[in-house]
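Chemist: structure for the following, please:
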Amino acid sequence: MARNASLAYILPFAVFIAILVVNSFVPVPQWARFAIEIAIIAGVSLPALRGKPQFPLLSAVVGAGVFVLWIGPDHLFPGYRALPIFNNALVGYVGVAAPRHDPEFLVFRVLNSAVTVPILEELFWRGFLMRWLIDRDFTSVRLGTYSASAFWIVALLFASEHGSYWDVGLLAGVVYNLWIMRTRNLLDSIVAHAATNACLAAWVIWAGQWQYWTFGTDSLTVAAR
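Modeler: Residues are numbered from 1 along each chain as shown. Just a heads-up that it's a prediction; the model follows:
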């Protein structure tokens, strides 16, 4: 049963990573990314997304708080992100992105950030891996069940996924882990994650902080979503 159920949690994330791999060689348009990812989610993951969030407004507030944590260090300590621990061969390098004012790009970039990425990442990290690390029959483990090893492995892997932003990625991973422990509801985690990314998207466009939308050197290193 767990093997069959795992497809709904793993496949969208696997396709997401595959798109990043392809994009490191051949640019994949934002609209194509969105179309592929939403089709995979609709095709295999809907059973895992049944129900509704228990605390939608509070989840959005939690997500907005993570956004503040995300941009805070760069604004409190100018030059912070230029330190060697955030720019090296292991974690990648902070990219410098040119402003993008193409409406099609902006619309689908925001949709990818605030819709598909929160769904596919929460399905994988907190819906699947956090439970699978406790019991290989992960469907027998209630969402939000605490295990110190599972908690910190997921938080650290989530941090590593965010390249040069690994520090705030770690903070975000800890908060999202704690939130699913509190709510026991995957949709609340998705709402929180979506709120973070929506706030970040608004900040990027409004304040011209395009560096938060770089993918490192266009490789697998995701600077921010």
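
Chemist: list the contacts of the lowest-mean-pLDDT helix or strand in the chain.
Modeler: In the chain, the helix or strand scored least confidently by mean pLDDT, DSSP states H and E is helix 2-23, which has a mean of 90. Helix 2-23 has contacts (C-beta atoms under 8 Å, 6 or more residues apart in numbering) with 28, 33, 36-37, 40-41, 44-48, 116-117, 119-121, 123-124, 127-128, 132, 136-140, 215, 218-220, 222. (Glycine included, C-beta is placed from N, CA and C.)

Chemist: again, only using 6 Å
Modeler: If you take C-beta atoms under 6 Å, 6 or more residues apart in numbering as the criterion, helix 2-23 is touched by 28, 33, 40-41, 44-45, 47-48, 120, 123-124, 127-128, 137-139, 220.

Chemist: could you do stretch 100-111 as well?
Modeler: 30-31, 34, 201.

Chemist: before we move on, the earlier item: show me what counts as buried in the least confident helix or strand of the chain.
Modeler: Buried residues in helix 2-23, counting neighbours by 16 or more other C-beta atoms under 10 Å, are found at 6, 8-13, 15-16, 19-20, 23.

Chemist: after the helix or strand where N177 lies comes which helix or strand?
Modeler: In this assignment (DSSP states H and E), N177 forms part of helix 166-183. Per DSSP H and E, the first helix or strand lying C-terminal to helix 166-183 is helix 186-207.

Chemist: so that following helix versus helix 2-23, what angle?
Modeler: Counting by axes from the mean of the first three to the mean of the last three C-alpha atoms, to 10 degrees, helix 186-207 lies at 10 degrees to helix 2-23.

Chemist: what helices and strands are in contact with helix 186-207?
Modeler: Judged by 3 or more C-beta pairs under 6 Å, 6 or more residues apart in numbering; DSSP states H and E, the packing partners of helix 186-207 are helix 56-76, helix 117-122, helix 166-183.

Chemist: what's the closest of these to V154?
Modeler: V154 sits nearest to helix 166-183 of all the helices and strands packed on helix 186-207, at 6.2 Å, using C-beta to C-beta.

Chemist: what's the closest one in contact with?
Modeler: Contacts with helix 166-183, where a contact means C-beta under 6 Å, 6+ apart, come from 54, 62, 66, 69-70, 91, 126, 144, 146, 151, 155, 158-159, 162, 189, 192.

Chemist: that older thread, only whichever of the contacts of stretch 100-111 are buried, select them in PyMOL.
Modeler: Applied in PyMOL, the following selects the buried portion of the contacts of stretch 100-111 according to 16+ other C-beta under 10 Å:
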select buried, resi 30+34+201
